[in-house]
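>>> Sharing a model prediction with you, sequence too.
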There are 2 protein chains.
Amino acid sequence: MRKIAFCLALAIGATYVSHVLAREDDGNLMKQAQSQFKPIPDELPTIKGITVTPERVELGKWLYFDPRLSRSWLISCNTCHNLALGGVDLEETSIGHGWAKGPRNAPTVLNAVFNVAQFWDGRAEDLAAQAQGPVQAGVEMNNTPERVKQTLRSIPEYVQSFRKAFPDDSNPVTFENMAEAIETFEATLLTPGSKFDQYLKGDAQALTKAEKKGLKLFMDKGCSSCHNGINLGGGGYYPFGVVEKPGSEILPTEDKGRFAVTNTASDEYVFKVPSLRNIELTPPYFHSGEVWDLEQAVAIMGSSQLGVDLNDNETAAIVTFLKTLTGEQPKVEYPILPPHTKGTPLPVIEVSSDEKMGH
Amino acid sequence: MRKIAFCLALAIGATYVSHVLAREDDGNLMKQAQSQFKPIPDELPTIKGITVTPERVELGKWLYFDPRLSRSWLISCNTCHNLALGGVDLEETSIGHGWAKGPRNAPTVLNAVFNVAQFWDGRAEDLAAQAQGPVQAGVEMNNTPERVKQTLRSIPEYVQSFRKAFPDDSNPVTFENMAEAIETFEATLLTPGSKFDQYLKGDAQALTKAEKKGLKLFMDKGCSSCHNGINLGGGGYYPFGVVEKPGSEILPTEDKGRFAVTNTASDEYVFKVPSLRNIELTPPYFHSGEVWDLEQAVAIMGSSQLGVDLNDNETAAIVTFLKTLTGEQPKVEYPILPPHTKGTPLPVIEVSSDEKMGH
């Protein structure tokens, strides 16, 4: 009986404490946040078009780390989307075949499955469509679907692995299935458990006062009108420089963004809103990768997108909040890849003038 | 009682079978092999100069996979010594900063701790001395010790990790300790359990008849006079072309090997005997990396080193044996690297004419 009374007292006490804490938190802030954002789930939810099986994830992991998907055998998906480094390469724009400098900054692969589309201009509708791009791009992996197929078909363990991953296909080793397996692996690369997500799930104490101040500013100043949803971004397209165009070093005039996809005048300099998940890990910022400093990036966003001159305190507070978006990084065992055979096309390193032109 | 009798009968039977099998094996072959070779141990033995602690191995793993040790932030130890690919890059000669083509083929890191010295010319006495080379080489990682130190010291988690790995050092974050930590990690990269090692440990049935035929030829023809010991090589230096010099595409005239280290005429075109462990995984072959085919490599060795024209059957039999040297590849969890800070020197991609010259 005494035990029950004690437990009751404890329960009442706990309710009281959590009630006080919730009040201290200003319940409205949490409610406001919960109406605009969603936490990263611990496990991948069902997503239309993605069939997750252990066999497909494992095959996708092999492919993701295999530099033999590139013409040189030197560049894998992981080269530019390095899982050791927040899923990016930390370069202003990516470096590919022949040390060619690509035109845009590599977006992170982490949580990318939740983006409405892929690439800065959204030209790939999903990760499978995306994965086909860099393999073929002249300044990236510089390969061809035909050569990739020949490579994969020449390696018996790959053939077997494709059969297991795509058991219903009579001819499973295709360029499309390669991309689909990579998509499946990438879909598992989530970063749950961030401080912000703990807060969104109801733990008012997960954020400090300073972090909450930043969150409030983030919503009140209008950042969250574009950076919202599960990825705080990744959900739509907006012009870069909607109020005031930044300088051409940050917004290069030759890259007109989504205009190249839709050929619609109103899409000039329109880009997909990047996700802010793990943003502290993924400098430099913007599609041009010209800004290394997160404070500076926030300030530029204020003036160019919102027409607001954020003062240093406000910028710092927002950055303090943004750092709560760093989640648990996915841990993977580094794969042991199956050896090539005599039928495998050998690596080509030389950069001919043709190749320099890009495919 | 019946049970005991049955067990006894079984035990006697097993003894009889193993006895017959041993006879079938030609006990002399096993004894001859055991006198020339040693199996890779399951665990790293005590090695002078290498202090293995979990903290030092973990730090070494971070460093091994960290491309920020290179000037470009694109090249890590693992780029050329890829643990997914037998500890090599599968390139004729390695490609480094600015897509520069290095002068020699990258030797595997697997079991390299058992080599008498490192590099093809043995110019590094151990893996720690070796690790300092590529970080600084102009055509490899193109960095400087000063810049590497500045990088590591700017990252608090690295500083902490160095403190734990080198608890007796008052100033642990040094270029030398970086190399020592990498050496410690590399020393754990062993490949025990190969079929040949099971045979060496007394399991006469671990090799097939064809593999034993190859082993016998390997010893009888004289291959094992250089390729012996735990690594079937790695133990000494010999001239390439001791009987007959191969063509200059395989033995480029400008690379005089150990002569550059010792400046002794007799060391012209002298190289360290490469290990044959996991040899089927690590083409192309020779320091020039000009030969992709293992049969062809064996045939060239026969004529150039032994003055023997091996026929196709003999070459094939030796290759069949060599494939029994593939062991269990080390599995590692891919590290999550600590983020850089505002004090970290940023990556430099551009190749100036100075840099092209090499440091």
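Cool, got the structure. Quick caveat, the model's predicted, so the values are computed rather than measured.

>>> The closest residue in space to A:Thr191 that isn't next to it in sequence: neighbour count?
The spatial neighbour of A:Thr191 that comes closest, neighbours along the chain excluded (C-beta to C-beta, 6 or more residues apart in numbering or on different chains), is A:Gly327 at 3.0 Å. (Each C-beta comes from the backbone N, C-alpha and C, glycine too.) Burial of A:Gly327 is recorded as 21 neighbouring residues (other C-beta atoms under 10 Å in any protein chain shown).

>>> quick check, A:Gly327 in a helix?
No: membership of A:Gly327 in a helix is not supported by DSSP: H, G, I helix; E, B strand; the rest coil, which gives coil.

>>> So it is in contact with A:Asn278, correct?
Yes: A:Gly327 lies in contact with A:Asn278 (C-beta atoms under 8 Å); the separation is 6.5 Å.

>>> A:Ser225: how many residues sit nearby?
13.

>>> do you know how far it is from B:Ile40?
To B:Ile40, A:Ser225 is 61 Å away according to C-beta to C-beta, to the nearest Å.

>>> What of A:Ile182?
Using C-beta to C-beta, we find A:Ile182 at a distance of 34 Å from B:Ile40.

>>> helix or strand for A:Arg147, which one?
Taking DSSP states H and E as the criterion, A:Arg147 maps to helix A:145-153.

>>> Taking their axis directions, the helix or strand that comes right after that helix and helix A:145-153 sit at what angle?
Downstream of helix A:145-153, the first helix or strand assigned by DSSP H and E is helix A:156-165. With axes from the mean of the first three to the mean of the last three C-alpha atoms, to 10 degrees defining the directions, helix A:156-165 sits at 100 degrees from helix A:145-153.

>>> tell me which strands and helices the next helix or strand along the chain from helix A:156-165 is in contact with?
Downstream of helix A:156-165, the next assigned helix or strand under DSSP H and E is helix A:175-187. Judged by 3 or more C-beta pairs under 8 Å, 6 or more residues apart in numbering or on different chains; DSSP states H and E, helix A:175-187 is in contact with helix A:54-65, helix A:127-136, helix A:145-153, helix A:156-165.

>>> who does the helix or strand following helix A:175-187 touch, helix- and strand-wise?
Sequence-wise, the next helix or strand downstream of helix A:175-187 (DSSP H and E) is helix A:195-200. Applying 3+ C-beta pairs under 8 Å, 6+ apart, one finds that helix A:195-200 contacts helix A:27-36.

>>> what's around A:Ala187, how many residues?
Counted with other C-beta under 10 Å, the neighbours of A:Ala187 add up to 26.

>>> Can you name the residues that contact it?
A:Ala187 is in contact with A:44, A:47, A:50, A:52, A:113, A:127, counting by C-beta atoms under 8 Å, 6 or more residues apart in numbering or on different chains.

>>> Which of those residues has the largest number of neighbours?
Within those, A:Leu127 tops the neighbour count with 26 neighbours, counted by other C-beta under 10 Å.

>>> can I assume that one is in contact with A:Ile182?
Yes: with contact defined as C-beta under 8 Å, A:Leu127 reaches A:Ile182; the gap is 7.2 Å.

>>> Just the pLDDT at A:Ile155, thanks.
On the pLDDT scale, A:Ile155 is placed at 98.

>>> Counting neighbours, what do you get for the closest residue to it other than its chain neighbours?
The shortest distance from A:Ile155 to any non-neighbouring residue, by C-beta to C-beta, 6+ apart, is to A:Pro338 (5.2 Å). By other C-beta under 10 Å, 19 other residues sit near A:Pro338.

>>> got it, and A:Gly27?
Counted with other C-beta under 10 Å, the neighbours of A:Gly27 add up to 11.

>>> From A:Gly202, how far out is it?
On the measure of C-beta to C-beta, A:Gly27 and A:Gly202 end up 11 Å apart.

>>> A:Gly86: what's its closest spatial neighbour, skipping adjacent residues?
A:Leu281 is the one closest to A:Gly86 (C-beta to C-beta, 6+ apart), at 3.1 Å.

>>> Now do the phi/psi pair for A:Thr326.
phi -80, psi 120 (degrees, to the nearest 10).

>>> Also A:Arg68?
Dihedral angles for A:Arg68 - degrees, to the nearest 10 - are phi -80, psi 0.

>>> A:Ile182 and B:Ile40: which has the busier surroundings?
Taking other C-beta under 10 Å, A:Ile182 and B:Ile40 do not tie; A:Ile182 has more neighbours (27 against 23).

>>> you'd agree the more buried one is up against A:Ala128?
Yes: at 7.3 Å, A:Ile182 and A:Ala128 qualify as touching, with contact defined as C-beta under 8 Å.

>>> Now do the shared contacts for the two.
Here A:Ile182 and A:Ala128 have no joint contacts, going by C-beta under 8 Å, 6+ apart.

>>> I'd like the distance between the closest residue to A:Pro339 other than its chain neighbours and A:Glu211.
Spatial nearest neighbour of A:Pro339, chain neighbours left out: B:Leu281 (5.4 Å); criterion: C-beta to C-beta, 6+ apart. Using C-beta to C-beta, B:Leu281 is found at 49 Å from A:Glu211.

>>> Next, count neighbours for A:His261.
Quick fix: residue A:261 is Val, not His. 17.

>>> excluding its backbone neighbours, what's nearest A:Trp73?
A:Pro347 (3.7 Å).

>>> Surely A:His97 and A:Ser72 touch.
Yes: using C-beta under 8 Å, A:His97 is in contact with A:Ser72, at 5.8 Å.

>>> Now do the shared contacts for these two.
Joint contacts of A:His97 and A:Ser72 (C-beta under 8 Å, 6+ apart) are A:141-142.

>>> Dump stretch A:205-215 to PDB, keeping only the CA atoms.
Taking Å, rounded to 0.1, in the frame of the first residue of the first chain, the C-alpha atoms of stretch A:205-215 are listed here in PDB:
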ATOM      1  CA  GLN A 205      13.800  20.200 -22.700                       C
ATOM      2  CA  ALA A 206      15.500  18.900 -25.800                       C
ATOM      3  CA  LEU A 207      16.300  22.500 -26.900                       C
ATOM      4  CA  THR A 208      18.000  25.100 -24.800                       C
ATOM      5  CA  LYS A 209      16.600  28.600 -24.400                       C
ATOM      6  CA  ALA A 210      19.000  29.900 -27.000                       C
ATOM      7  CA  GLU A 211      18.100  27.200 -29.500                       C
ATOM      8  CA  LYS A 212      14.400  27.900 -28.900                       C
ATOM      9  CA  LYS A 213      15.000  31.600 -29.500                       C
ATOM     10  CA  GLY A 214      16.600  30.600 -32.800                       C
ATOM     11  CA  LEU A 215      13.700  28.400 -33.700                       C
END
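
>>> List the buried residues of that stretch.
Using 16 or more other C-beta atoms under 10 Å in any protein chain shown as the test for burial, stretch A:205-215 gives A:206-207, A:211-215.

>>> Generate a markdown table for the residues you listed, with secondary structure as supplementary columns.
Shown next, in a markdown table, are the buried residues of stretch A:205-215 (three-state DSSP):
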| residue | secondary structure |
| --- | --- |
| A:Ala206 | helix |
| A:Leu207 | coil |
| A:Glu211 | helix |
| A:Lys212 | helix |
| A:Lys213 | helix |
| A:Gly214 | helix |
| A:Leu215 | helix |
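
>>> Quick check: the farthest pair among those residues?
The span of the buried residues of stretch A:205-215, defined through C-beta to C-beta, is set by A:Ala206 and A:Lys213 at 14.6 Å.

>>> Tell me which other helices or strands the helix holding A:Arg147 touches.
Contact analysis of helix A:145-153 by 3+ C-beta pairs under 8 Å, 6+ apart lists helix A:127-136, helix A:156-165, helix A:175-187 as its packing neighbours.

>>> Return the most buried member of those helices.
Across the helices and strands packed on helix A:145-153, the average number of neighbours (mean count of other C-beta atoms under 10 Å in any protein chain shown) peaks for helix A:175-187, which reaches a mean of 24.

>>> how is chain A carved up into domains?
A:54-190+A:340-356, A:195-325 (automatic domain parsing).

>>> Between these, which one is closest to B:Glu249.
domain A:54-190+A:340-356 (15.5 Å).
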